[in-house]
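S.K.: my questions are about this predicted structure, shown below with the sequence.
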Amino acid sequence: MKTAKPNSTINANHLLTIVLFLFTFAFRLLAASRLNVTIGEGSMFLNLIKTQETTSYQGALLYQLLTKPLVAFFGDSTLVLRFWTILASSLLIILPLFLLEKIGNRVALLFSILIVLDPFQIANGLQAHGHAITLLILSIVVVLLLQKRLGVFIWALMGLLFSLQGSAFLVLILLVGFLIVLNKQSRETFGSVIDNEVEAMKKKASTYSIAAFVLLLILFLFGIRISDPAGEIISFVNSWFKSYSNGNSAQLYPLVLMAYFPLIFVLFFARKNQELAILHKYFGSWMVLALMLISLYPGHQLLDLVWVSYPASFLIALRIDAIIKTYDPELKKTVPYPLIMLCLLISLVICATILLYQTRLGLNVSGSVISLISLLAFLTVIAIIIATSESLHLTARALGSAIFIVLLVFQLTFSWRSTGLTGDPAGEVLWGGYFEDADLLEKNLYSAYSRRKGTEIPAVVLLKGNQNPAVKWVIASAFEIDEYPVQLKGKHYFAAITGSADDMTVNGTDGYYGQDFIATSYPLWTWQPWRELLNTDFWSWAVWRQGQMFKENDVLWVNKILF
Amino acid sequence: MNDFLIWLIIVEIISILAFPLCFRFFNLSPERGYAFSKVLGLLVWGYFFWLGNITGLLSNNSAGSLCALLVLALFSWLVGLRKNSADLLTWLKTNKRLVAFSELVFILFFLTWTVVRAANPEIIGTEKPMELAFINSIFQTPSFPPSDPWLSGYAISYYYFGYVLVAAFMHLAGSASGVAFNLAISLTFALVASSSSGLLVSLLMMKDREISDQDISKKQLNRILVISLLAAVMILLLGNAEGFLEMLHSRGFFWEGLAEGKGVSPFWQWLDIKDLSDAPALPLDWRPGRPGGTWWWRASRVLQDYTMDGQSREIINEFPFFSYLLADLHPHVLAMPFVILVIYAGWYFFQFYPVSHKRIGFRGIFDFLKDPPVWVLGFMCGSLLFINTWDFPIYFGLICLSFLFSILLKHGWEGKRLLETIMFAIPLGLVCILLYSPFILSLSSQAGGLLPSLIFRTRTVHFLVMFFPQLIIILGFLIMMFKKAENKQVMLKIFGTILGIALIIWLVSMAVIFLPYWISNQAGGWLARISGINDAFNNTQQGILGIYGANDASHLLLETISRTLHDPILLILLLILTAACIFILRTKRITSTQSTSSPDCYILILVFLATLLALFPEFFYLRDQFGWRMNTIFKFYFQVWVLYSIAAAFALGSMNWNVRKVGRVFLLLIAALGLMTGLVYPLFSLLDKTNSFRQVDWSLDGNRYFELTNPTEYIAIEQLTGLPYGVVAEAVGGSYSGYGRVSRMSGYPTVLGWPGHELQWRGGGTEIGSREGDVRLLFETSDWATAKLILDQYQISYVFIGTLERSTYTVSEDKFVSNLALVFNREGVVIYAYRN
């Protein structure tokens, strides 16, 4: 561990981190406001706000506790429902500041930057059904544990339990294992700490009673059920007995991790920070175990990879710190080499891209030959550099540095894309079935609705069959829904949504105009991820986010009387 | 089998979680209440589940059920385990034999009765459909209090906690309701066995400890454990003597002229038990049988009441074995383990609760309210309010009697003890009500107060047929105790006092009835001038005369006196028993140095209470929808059986300490006689009910018969449960019939199920209103506007049309076809959905 050096004054690191936090928070707010609702969120929002079914998933208990009062004041817009996850994911950036004494200023700052850049953190921060809140509390728990503030730690641990959902239980298992090891090593066992806490509670019994009463009252008033975490445990256990759904197999996860988080390759070639070897051990084990468990867990979602990317970010920060440290003395001497390497790598990437592009579009052979010659030239120059440089070691370091710069550039690109602010959000696999045409549907429904005035047609939309929850949420947030699997009766509805045109009876279609819209879309390569590595489709997606998309169309029907 | 194992595992987990609580609550008892950990665990778990749902903090699903279990674990850890874990582990290590025995008894009885249920699992007949409806309704209800399955828009108005437990099991184990129904019966059976055995172990261990003043030897413990099974046998496996009489009857004993087809028997005529008065079927056989009927049913209808015009009034006198054989999951059955828990808590309280520092007056009330044991006791005793309300006053009375006799025996027989007991009873009652107040507030009781029982008297012979096996042992035990007592002349004084009190009560009760007649008949008197009062008296007069089938009050009075004097033996016997208990108790004194008789004293209290319960219906009955003492006898005698059985089992088990050798032989002989008489019924009835376990289609699913007999309706109902929760309209019909099947099996409320039962549960028909006619109109009208009005009025979401609807009504289906959504249609069974 790093030698402890109390530092209570605010330094540039603090300011940088705060700026980083404010920038991220504002940026994520903007991104979340523009991102359409996803399937996972749609289902959760419907249960939480509309149907309020006690037996369905409404989000983790803590999320409900935070969100329901907010909804009571500010309404149930998607941004309001996403607010706490955005805030939690942004607050996470500040947390390394509390570990300055343990990990040092540079690692803390690097860690914060990597949190900002991590696409999985971004995706979790933007979507309400992610793990941002859990991750924040887990981090607080770890910080409290490291600071040995065990009294507060127990309460934070309870908060953590209330925030768990889905794959987070896997991380909890890892955490419990970690605590057991720590408990055995520590002089003061958790049992004795809990006993002390209970004794302390007895002294402040009235305060705790009032707090508990107020908490229960809030839960009661907002109809929040404390049994929801237990429901999550049951759902988690049940998920193990299910099979993987299409496009969500175990193989997909390592691939997506590497595809979105190229900086993770740093871990393979950068040296360790020997001073913090214990942290490398713990976080490395966590990362590997979490990746294995999440990949194998049939109830997983791609957002769960944040449990891998988070420790990975910390490890990368440590490695970069180690690189910078060892790099300093020889910096001047080696500057030209990385630059040459960088230029070569860029030319290599361009060559590969040209090759890919040509193959994809079926262009002439000459372009391909040029690319191949470029590649050979790259290899030859490498060989010359090795031969003429002072040492192989220096060349390798130069190559490593150049690769790092390339990875960083890629990382910046992928991180930017994962915000969904430009390009095609549906192409991001992290959104789990993005509802592409939400705006179109909303616009058309409002148009039909506004023409309804003066007629006797009720403001009810028929949903036939099992609809995508995201579609359902978009409609339910503005209109009343009728969901019975009924035969369509024209006079009853101003609009109807069906899975296909066949779902309408002949009589029904006579009275309606129909229009297709995209209910769900996601990259097709996710169905067979490893096989797609040999296919240009995957690489086309990886480089340009352009690839074949799986699109699920629904049909919007509007009553002919209105038009 | 999977369900059985899952249930077993769940119960064992609950037991493990709850044992620290028992260890803490019963910390002075040598066996630490281990045998009650399952029952207490179920109570705490169910309570948290129910309270959580009532407050909206828990969901009514597997998560809520699991969460309640976690709360139990947390509660148990905080209250019982946190500081006692070392002691608890030490105790477990040193009491492995006791623990293993308790578990063995539980598993053995659970498995045995599961096999019995698997041989005849059908949920059909009697009140099983109603119980299944409650279970499914609680299982499906989105919020608590649970919806009444047979009166949409209203919450259940019944003591439903037992069904909450079954639904919680269904959530946790994932069992179907048909399976859960049968496993719940078996589980209750096993819980009664293990807890009653545990109660006897506690009493006998205490007896041994008091006498030998040493740690109990392994040999002695083994003996106690084996003897403790007597409690389970006496309560659960023994039948009344009617089975023995059935055997004699079917073998043709005391009959003449059977061969000629003119059977005559003064004995059976005198005995006057229905069916047994008729000549037996030929050929004669030892094995009872009744062509075209169910012979074992009669054991639950031994008693007969006759009105003055000779009409017979049905009286129910169930006993546990009959109830488990019949397998109705009724509250009196579900409550049994909790009743035994309260009896045990009463015993622990009687033995160990210190009362010397308590004061009389309001300060005393607050002292008790600050005392945690009073809350624990209130939690256990109050649960009976919610499980089977009838049992609450009885066992609340037991706790108060335990308190009273405890202070009488410890601090001397003085009048102020009564006042001290009242000062204890008030806070205890408050705790009971407070803890279960959400239930109490939602219950509209069917009880309409107490009425004096005038001409209805239990015949001595019927009482003996009912309680012969236990009574004969208890009488032997009391005689032995009486013989050892000094100052026997005091007994006469006590008997005289009790007889005097009984006479006063009888005269007062008669005066309450007959004085108004006399006053109202003073034509031209002062009363006639007060407008309305005379009419009120006349109405009441007609009502009471109607109950007894009397023409006028004077005849009723004469008949009351005549019938009382005609067969006074039972009254005298019961009064003697009461007096004997008090007399023997008076000879005892419990001090800290010499207290060899506390288990005996507690048993005497149980006998005393049981005898009072047996006496009660001879003077009064609880007014309900039936109008006579059918339910009073039923509910009271059932508890008399439990209390007498425990007392009889203790009497036999404690022979070594209490009775000399000659007396022991005497007691053993009469016990053998009693047990043999009582075991005839279970033997033959079990073989009859299970078809001697031959040609059995083994299954635990009580709904399987419905699937086989009505496959299409079964599928339709399955489909319905997949649709959103809502009110369903189905045909309305009489009680104990197949009506209400959709709501019963789906758990979705219907507009009206069995009207008769709703009347009973709600004490009137205000809530029912015109529902029966409205449902008929809904099905029969061809006018959509009318139908729509009804659909909207009762917020009906689904209209179910099956065989019963088509046979009960002239269904006009066109209006549904044109206006409702069709969600199921197969082989004439149709479900329409309506969006109201």
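M.R.: Cool, the structure landed. These numbers come from a predicted model, not from an experiment. Numbers count the residues shown, from 1 in each chain, chains lettered A, B, ... in the order given.
S.K.: now do A:Ala72 against B:Leu464, distance only.
M.R.: Taking C-beta to C-beta, to the nearest Å as the measure, A:Ala72 and B:Leu464 are separated by 69 Å. C-betas here are computed from N, CA, C, even on glycine.
S.K.: actually A:Ser206, not the one I wrote
M.R.: The separation that A:Ser206 has from B:Leu464, given C-beta to C-beta, amounts to 61 Å.
S.K.: compare those two and say which is more crowded by neighbours.
M.R.: Per other C-beta atoms under 10 Å in any protein chain shown, whichever of A:Ser206 and B:Leu464 has more neighbours is B:Leu464, with 17 against 8.
S.K.: quick check, that one in contact with B:Ala241.
M.R.: Yes. With contact defined as C-beta atoms under 8 Å, B:Leu464 and B:Ala241 form a contacting pair (7.2 Å).
S.K.: what touches both of the two?
M.R.: Shared contacts of B:Leu464 and B:Ala241, defined by C-beta atoms under 8 Å, 6 or more residues apart in numbering or on different chains, are absent.
S.K.: who are the contact partners of the spatially most central residue of chain B?
M.R.: By C-alpha atoms, centre = their mean, the mean C-alpha position of chain B lies nearest to B:His332, the distance being 1.9 Å. Taking C-beta under 8 Å, 6+ apart, we find B:His332 in contact with B:318, B:323, B:388, B:390-391, B:634-635, B:638.
S.K.: lowest pLDDT pick from those?
M.R.: Ranked by pLDDT, the contacts of B:His332 bottom out at B:Trp390, which has 90.
S.K.: tell me the phi and psi of that one?
M.R.: In terms of degrees, to the nearest 10, the main-chain angles of B:Trp390 are phi -60, psi -30.
S.K.: quick one: the nearest residue to it once chain neighbours are set aside from B:Pro393, how far?
M.R.: If you skip the residues right next to it in sequence, B:Trp390 has B:Lys635 as its closest partner in space, 4.1 Å away by C-beta to C-beta, 6 or more residues apart in numbering or on different chains. Counting by C-beta to C-beta, the gap from B:Lys635 to B:Pro393 is 10 Å.
S.K.: neighbour count winner among the two?
M.R.: Set B:Lys635 next to B:Pro393 and count neighbours by other C-beta under 10 Å: B:Lys635 wins out with 22 against 12.
S.K.: secondary structure element for the more buried one?
M.R.: Taking DSSP states H and E as the criterion, the element that holds B:Lys635 is helix B:630-653.
S.K.: buried residues in the helix or strand hosting B:Met380?
M.R.: Element membership of B:Met380 [criterion: DSSP H and E] is helix B:372-387. Of the residues in helix B:372-387, those scored as buried under the neighbour-count criterion (16 or more other C-beta atoms under 10 Å in any protein chain shown) are B:374-387.
S.K.: between all of those residues, which two are separated the most?
M.R.: Across those, the two members that end up farthest from each other (C-beta to C-beta) are B:Val374 and B:Ile387, 20.2 Å apart.
S.K.: could you measure from whatever residue of the stretch 251-400 of chain A ends up closest to chain B over to B:Phe684?
M.R.: Residue nearest to chain B within the stretch 251-400 of chain A: A:Gly299 (15.5 Å; C-beta to the nearest C-beta). Using C-beta to C-beta, we find A:Gly299 at a distance of 55 Å from B:Phe684.
S.K.: what of A:Gly499?
M.R.: Between A:Gly499 and B:Phe684 the distance, using C-beta to C-beta, works out to 63 Å.
S.K.: same question for B:Lys815.
M.R.: 56 Å.
S.K.: how about low-confidence regions in chain B?
M.R.: In the predicted model of chain B, residues B:213, B:355-361, B:445-448, B:519-540, B:589-597, B:657-659, B:836 satisfy pLDDT under 70.
S.K.: got the residues of it near chain A?
M.R.: Contacts of chain B with chain A, taken as C-beta under 8 Å from any C-beta of the partner chain, map to B:52, B:55-64, B:66-68, B:70, B:78, B:82, B:142-143, B:723-724, B:821-823, B:833, B:835.
S.K.: which of those residues are buried?
M.R.: Applying a neighbour-count criterion of 16+ other C-beta under 10 Å, the buried members of the residues of chain B next to chain A are B:52, B:56-64, B:66-68, B:70, B:142, B:723, B:821, B:823, B:833.
S.K.: among these, which ones are in helices?
M.R.: Per DSSP state H, helices hold the following members of those: B:52, B:62-64, B:66-68, B:70.
S.K.: from those, which two are the most distant?
M.R.: Between all members of those, the longest pairwise span (C-beta to C-beta) is found for B:Gly52 and B:Ser62 and amounts to 13.4 Å.
S.K.: now list whatever residues contact both of those two.
M.R.: When contacts are counted by C-beta under 8 Å, 6+ apart, the set common to B:Gly52 and B:Ser62 is empty.
S.K.: tell me how far B:Ile501 lies from A:Tyr449.
M.R.: From B:Ile501 over to A:Tyr449 the distance is 80 Å, taken as C-beta to C-beta.
S.K.: check A:Ala496 too.
M.R.: Here the distance between A:Ala496 and A:Tyr449 works out to 13 Å (C-beta to C-beta).
S.K.: the two: who's more crowded?
M.R.: Each of A:Ala496 and A:Tyr449 has its neighbours counted (other C-beta under 10 Å); A:Ala496 has more, 26 against 18.
S.K.: just the pLDDT at that one, thanks.
M.R.: The predicted local confidence for A:Ala496 comes out at a pLDDT of 84.
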